[in-house]
Structure formats: structure tokens, C-alpha cells
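A.B. asks: fold the following.
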Amino acid sequence: MHKFFPTILIFLDICAAAGYVPSGDWRKVVYWLAAATLTTVVTW
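C.D. replies: So this is what the prediction gives:
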């Protein structure tokens, strides 16, 4: 249960990255994917 909120945060980061794909703002896509990766590495 203690990994529930980080998992939600990772999911939201990936959703935020996916939201910028249609507009082609690749810097923000990379930013949000990096945030998801960092949260994953720190959590697990």
C-alpha cells in the first residue's frame, strides 16, 4: 500500500507526456517521461 501514491504519480506523469505528443512539444514529453522514470527509480 505504501507504493500506491507513487504509482499514481508515475501514471499521471506518463499521461501528461502523452498529452503533449499531439502538439509535438517533444521537450515537455521528454520532461514528463524523465519525471516518471525518476519516480520509478526512487520508488523501486
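A.B. asks: now the residue most central in space within the chain: which helix or strand?
C.D. replies: In the chain, the residue lying closest to the centroid (Cα atoms, centre = their mean) is D13, at 2.5 Å. For D13, the host element (DSSP states H and E) is helix 4-20.
A.B. asks: give me the residues contacting that helix.
C.D. replies: 26, 28-33, 35-36, 39-40, 42-43 (Cβ atoms under 8 Å, 6 or more residues apart in numbering). To be clear about C-beta, it is placed using only N, CA and C from the backbone, and glycine gets the same treatment.
A.B. asks: where does the residue nearest to the centre of the chain land on pLDDT?
C.D. replies: Turning to D13, the model gives it a pLDDT of 98.
A.B. asks: gap between it and W26?
C.D. replies: Distance, D13 to W26, by Cβ to Cβ, to the nearest Å: 16 Å.
A.B. asks: now the helix holding D13: buried residues?
C.D. replies: By neighbour count with 16 or more other Cβ atoms under 10 Å, helix 4-20 contains the buried residues I10, D13, A16, A17, Y20.
A.B. asks: and of the residues you listed, the nearest to M1?
C.D. replies: The shortest gap between M1 and any of the buried residues of helix 4-20 belongs to I10, at 15.8 Å (Cβ to Cβ).
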